[in-house]
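Undergrad: Predicted model and sequence follow; I will ask about them next.
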Amino acid sequence: MNAMCRLVAAALTLEWRWLACRVPYERMSPRRSGGPDAAGHGSRPNRNDLGRRRFPRGEPAARRPAGEGSRLATIRGLACLLLFAGAATAPLAHAQPAGDAPRRVVVMGDLHLGEGRGPDGAWSPYEDFRWADDLAGFLAALAAEGGPTDLVLNGDTFELLQASDGACAYDDPALGCSEPEALARLERVLAAHREEIATLAAFAAAGDNRLVLVPGDHDAALLFPSVAQRAVEAFGAGAGRVSVAGDGFWRSADGLIHAEHGHQIEYRADRFDDWPAPFATRSGERHLTRPWGQSVVQALYDRYEPRFPIVDNLADDGAGLREALAAAGVDDAGEQAPDLLRFLLFRMSWQQFRMDLDRGDVEPPVWDLARVREAGPAFLVDSLADDDRFKPLAARALDDGRLTALMDGLSDDELTAICDHRAALRRARRRFERILTQLDPTGPPLTECPRTPETAAPRFEYFWMSRDRVFGRHLEQLADPRPVAVMVHGHTHLADYRQGNFTRVEAGLTYVVDGFSPVRGAATPVVINGGAWQRTVTPRQLGEHRRRLGVSEAELLESMRPEQLPPCYSFVQIEPYSERPAPPVLRYWRQAEDGSWAMGSRCGRGISDPASAP
């Protein structure tokens with residue numbers, strides 16, 4: 001019987017792979033684009049030459065994709081053959097077991113349950129989750145909507161990285177907590193948040209619900225066996241109701257929904273080398289390793305959060321570093337400047353920009369990387385907007401000759417990503433896009449990187465190729481090789497902007513509204529950032545509030561408390577389905593101006609004045 005089940009499962013896996021890879025090409029040779037490529041090797045392949053893409057059964061046809069010519073056609077074909085050949089032996093173990101009834105999937109992350117209150121009853125400056133009542137209300141509202149639910153806590157549920165205990169400090173900056181140290185931190189968190197744990201446990205125990213803890217970069221210690229076991233035991237739920245995703249990610253039983261925290265995505269400074277086994281042994285004891293981003297950036301958050309309580313409540317969470325350094329009056333980042341600049345340059349919030357309707361007639365520009373490299377490290381400083389809080393520190397590092405090694409070490413793909421993001425920000429500011437979150441939309445636009453002459457025309461305005469490439473590669477490299485329809489991630493604390501400038505179906509074509517597809521012209525896979533189930537504020541909101549109060553940056557950051565931030569918590573929901581998941585929906589549990597709570601498609605009340613904050 002077990003052998004037969006495995007055979008049927010393998011057959012279904014083969015069918016899904018065949019459907020996903022069934023991409024007939026109208027022509028395998030590229031059309032000519034009318035000019036030589038950047039290297040002068042004759043005609044450049046037209047990126048729209050992959051022909052028509054057929055979609056898996058049950059998925060509506062959408063826009064036509066822009067391709068990469070015969071080279072990509074060949075690579076994609078080989079990739080599909082390899083996937084097809086390996087399907088019969090694909091692993092079938094998942095964090096959640098298969099069930100008979102369709103299940104709703106709810107993904108929320110970045111709660112950062114921390115060390116709670118100190119002996120004096122005051123919140124620890126490192127405690128970000130102060131919202132037990134808000135969580136209880138949300139889970140009650142979710143339960144009232146009904147149906148068996150997979151509740152996926154998508155990383156950084158527990159704050160096991162930042163603490164005031166002084167533990168986990170070693171001479172080797174790449175060494176983190178040992179297993180006993182991590183377990184001790186978890187025990188403190190569990191004791192400080194008994195109410196929240198009980199609320200989550202009650203939800204997991206109700207009906208046919210299940211709860212999954214996906215490890216993130218701040219609670220990577222869940223990958224220690226004893227820490228995972230203790231976390232599951234803390235909920236006191238029945239067998240199978242609560243689990244830890246020991247593979248470092250969660251997949252639905254059919255493989256179509258993939259959830260991970262997001263720190264392992266390419267370019268991320270918090271990426272571990274050996275995920276999901278990020279361990280090193282020293283003196284016979286196993287420790288977590290520490291990515292370079294944690295070694296450099298987390299120390300600054302630890303230093304500034306007691307003075308600026310909301311510094312890590314900014315979304316994108318890297319923005320808090322800019323604000324803190326500026327408010328503290330730092331004028332020289334010293335030897336850390338190159339690492340900090342790299343960290344900030346690659347905090348690319350692609351989904352803060354307004355997307356245009358993409359019918360495949362707009363192509364990506366080709367940046368003249370030879371000229372970019374000729375500019376040297378000044379290119380890196382020029383890639384920051386003039387009103388970027390970190391730009392004076394980057395300019396100082398440039399003057400001191402500290403950025404040469406950083407510039408020399410960047411790959412062509414990394415330079416292209418910086419150029420793509422520069423172009424997107426330039427266009428957004430020239431169009432005064434009011435949806436910008438990280439910078440004021442009325443600020444000075446950046447200059448573009450130099451283009452190759454063949455792509456100087458206005459039709460070369462697709463600036464998302466680097467985004468598509470990064471997430472496309474990430475999906476191709478997943479440990480579970482079955483095709484993915486929806487990928488949910490977080491980590492940055494900044495939820496994707498809902499593209500309200502068009503509807504899901506427009507002129508007979510299907511578009512992604514919440515999230516995006518890294519395959520141009522395709523309705524799947526959809527990649528979506530669910531933000532943080534946490535009170536956050538964007539740099540733009542903070543700037544507007546500061547101007548309204550008429551105070552300095554330092555005065556504002558020193559006086560604001562997390563309780564003043566918008567009571568609004570984002571999450572991703574996927575409705576129950578039989579064959580293929582419906583498009584994911586970004587939702588918010590938020591408080592309105594009148595004090596009432598409800599689910600919504602956007603936030604309600606904004607920043608509170610100190611007197612009105614709870």
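TA: On my side now, so go ahead. Numbers count the residues shown, from 1 in each chain.
Undergrad: what's the distance between the spatially most central residue of the chain and Ala122?
TA: When the chain is reduced to its mean C-alpha position, the closest residue under Cα atoms, centre = their mean turns out to be Gly490, at 3.7 Å. Taking Cβ to Cβ, to the nearest Å as the measure, Gly490 falls 29 Å from Ala122. Any C-beta I mention is one placed from the backbone N, CA and C, and that applies to glycine too.
Undergrad: Rounded mean pLDDT for stretch 167-183, please.
TA: When pLDDT is averaged along stretch 167-183, the result is 94.
Undergrad: just how off-centre is that stretch within its chain?
TA: Remark: stretch 167-183 is offset 26 Å from the chain centroid, using Cα atoms, centre = their mean, to the nearest Å.
Undergrad: Only alpha carbons, please: show that stretch as CSV.
TA: Output for stretch 167-183, consisting of C-alpha atoms alone and laid out as CSV, is shown next (Å, rounded to 0.1, in the frame of the first residue of the first chain):
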residue,chain,number,x,y,z
ALA,A,167,25.2,36.0,26.1
CYS,A,168,26.3,34.7,22.7
ALA,A,169,29.2,37.1,22.4
TYR,A,170,32.4,35.6,21.1
ASP,A,171,35.7,36.8,19.8
ASP,A,172,34.8,35.2,16.4
PRO,A,173,32.2,37.6,14.9
ALA,A,174,30.9,34.7,12.8
LEU,A,175,29.9,32.7,15.8
GLY,A,176,26.4,32.9,17.4
CYS,A,177,24.6,31.2,20.2
SER,A,178,25.2,27.7,21.4
GLU,A,179,22.3,25.4,21.8
PRO,A,180,22.0,25.9,25.6
GLU,A,181,22.3,29.7,25.2
ALA,A,182,19.6,29.7,22.5
LEU,A,183,17.3,27.5,24.7
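Undergrad: Mind jotting down where the helices sit in the stretch 401-550 of the chain?
TA: Per DSSP state H, counting those that start in this stretch, the stretch 401-550 of the chain has helices spanning 404-409, 412-430, 465-476, 539-549. These are given in chain order.
Undergrad: which stretch among those comes nearest Val513?
TA: With Cβ to Cβ as the criterion, Val513 lies closest to helix 465-476 of the helices of the stretch 401-550 of the chain, at 16.6 Å.
Undergrad: Just the C-alphas of the closest one, formatted as PDB.
TA: Output of helix 465-476 as PDB, limited to C-alpha atoms (Å, rounded to 0.1, in the frame of the first residue of the first chain):
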ATOM      1  CA  MET A 465      14.600  42.300 -14.800                       C
ATOM      2  CA  SER A 466      17.000  42.100 -11.800                       C
ATOM      3  CA  ARG A 467      14.000  41.500  -9.500                       C
ATOM      4  CA  ASP A 468      12.700  38.800 -11.800                       C
ATOM      5  CA  ARG A 469      16.100  37.200 -12.100                       C
ATOM      6  CA  VAL A 470      16.800  37.100  -8.400                       C
ATOM      7  CA  PHE A 471      13.400  35.500  -7.500                       C
ATOM      8  CA  GLY A 472      13.400  33.300 -10.600                       C
ATOM      9  CA  ARG A 473      16.800  31.800  -9.600                       C
ATOM     10  CA  HIS A 474      15.600  31.400  -6.000                       C
ATOM     11  CA  LEU A 475      12.600  29.500  -7.000                       C
ATOM     12  CA  GLU A 476      14.700  27.300  -9.300                       C
END
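Undergrad: For it, buried residues please.
TA: Within helix 465-476, the residues that count as buried by 16 or more other Cβ atoms under 10 Å are Met465, Ser466, Arg467, Asp468, Arg469, Val470, Phe471, Gly472, His474, Leu475.
Undergrad: Apart from its neighbours in sequence, what residue is nearest the fourth one?
TA: Spatial nearest neighbour of Asp468, excluding adjacent residues (Cβ to Cβ, 6 or more residues apart in numbering): Pro518 at 4.2 Å.
Undergrad: Quick one: neighbours of Arg602, just the number.
TA: For Arg602, the neighbour count with other Cβ atoms under 10 Å is 13.
Undergrad: ok, it to Ser570 distance?
TA: Arg602 sits 10 Å away from Ser570 when distances are taken as Cβ to Cβ.
Undergrad: where do the contact lists of those two overlap?
TA: With contacts defined as Cβ atoms under 8 Å, 6 or more residues apart in numbering, the residues adjacent to both Arg602 and Ser570 are Tyr588.
Undergrad: domains in this protein, as residue ranges please.
TA: For the chain, whose domains are defined here by automatic domain parsing, the residue ranges read 2-89, 104-118+125-315+530-612.
Undergrad: Pull the contacting residues for the nearest residue to Ala417 once chain neighbours are set aside.
TA: In space, and not counting its chain neighbours, Ala417 is closest to Ser466: 3.8 Å by Cβ to Cβ, 6+ apart. Residues in contact with Ser466 (Cβ under 8 Å, 6+ apart) are Met348, Asp413, Thr416, Ala417, Asp420, His421.
Undergrad: please redo it, this time with the cut-off set to 6 Å
TA: Thr416, Ala417, Asp420 (Cβ atoms under 6 Å, 6 or more residues apart in numbering).
Undergrad: on that earlier part again, possible to save the buried residues of helix 465-476 as JSON lines with distance to Glu575?
TA: Below are the buried residues of helix 465-476 laid out as JSON lines (distance: Cβ to Cβ, whole Å):
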{"residue": "Met465", "distance to Glu575": "31"}
{"residue": "Ser466", "distance to Glu575": "32"}
{"residue": "Arg467", "distance to Glu575": "26"}
{"residue": "Asp468", "distance to Glu575": "26"}
{"residue": "Arg469", "distance to Glu575": "30"}
{"residue": "Val470", "distance to Glu575": "28"}
{"residue": "Phe471", "distance to Glu575": "23"}
{"residue": "Gly472", "distance to Glu575": "26"}
{"residue": "His474", "distance to Glu575": "25"}
{"residue": "Leu475", "distance to Glu575": "22"}
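Undergrad: Mind putting the residues you listed into a markdown table with distance to Trp131 and pLDDT?
TA: A markdown table is the format used below for the buried residues of helix 465-476 (distance: Cβ to Cβ, whole Å; pLDDT from 0 to 100):
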| residue | distance to Trp131 | pLDDT |
| --- | --- | --- |
| Met465 | 39 | 94 |
| Ser466 | 36 | 96 |
| Arg467 | 32 | 95 |
| Asp468 | 35 | 94 |
| Arg469 | 37 | 96 |
| Val470 | 32 | 96 |
| Phe471 | 31 | 96 |
| Gly472 | 36 | 95 |
| His474 | 31 | 96 |
| Leu475 | 33 | 96 |
